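Peer 1: attaching a predicted model along with its sequence, questions to come.
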Amino acid sequence: MSLSCACPDWEGDGWYYFGPDDYTCLDTKRSRKCCSCGERIAVGELCGKFLRECNPEEDSIAHRIHGDEMPLAPWWMCERCTDLYFSLEELGFCITLSDDMRQLVREYAEMNKGEKP
């Protein structure tokens, strides 16, 4: 997906995420892969933690267990991609977690080529 200031309307299908307010240290037992660039994040390294949830179907077992909001496993983003995520978010862009933040910043630079600050 490319950069966009408008997020599509969410119709309740699939999952959604909550972006971090700050960095955290990876506190899992094993390393994780960055959801953006795919780099390995070692235990204890600084990173971003994205909490995810979904809305299970009304008559499903998951709905009976969890209600309207079912937690999913968090996604993790390496420190560099989290830096870029925070910058793009601050600029008002709608971001898809699986997008490569490095590519989105390149796209932003191309859009603003020649503009003076």
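Peer 2: Structure received.
Peer 1: neighbouring contacts of the host helix or strand of residue 50?
Peer 2: Secondary structure assignment for residue 50, by DSSP states H and E: strand 46-54. When contacts are defined by CB atoms under 8 Å, 6 or more residues apart in numbering, strand 46-54 is touched by residues 14-20, 23-26, 32, 34-35, 41, 69-79, 81-82, 85, 97. C-betas here are computed from N, CA, C, even on glycine.
Peer 1: can you classify residue 92 by secondary structure?
Peer 2: coil (DSSP: H, G, I helix; E, B strand; the rest coil).
Peer 1: shaky segments in this structure?
Peer 2: Within the chain, the ranges that satisfy pLDDT under 70 run 1, 8-13, 56-57, 61-64, 66-68, 114-117.
Peer 1: quick one, helices of this protein?
Peer 2: With DSSP state H as the criterion, the chain has helices at 61-66, 79-90, 101-111.
Peer 1: buried deepest among the ones you listed, which one?
Peer 2: helix 79-90 (a mean of 18; mean count of other CB atoms under 10 Å).
Peer 1: who are the packing partners of that helix?
Peer 2: Secondary-structure packing of helix 79-90 (3 or more CB pairs under 8 Å, 6 or more residues apart in numbering; DSSP states H and E): strand 46-54, helix 101-111.
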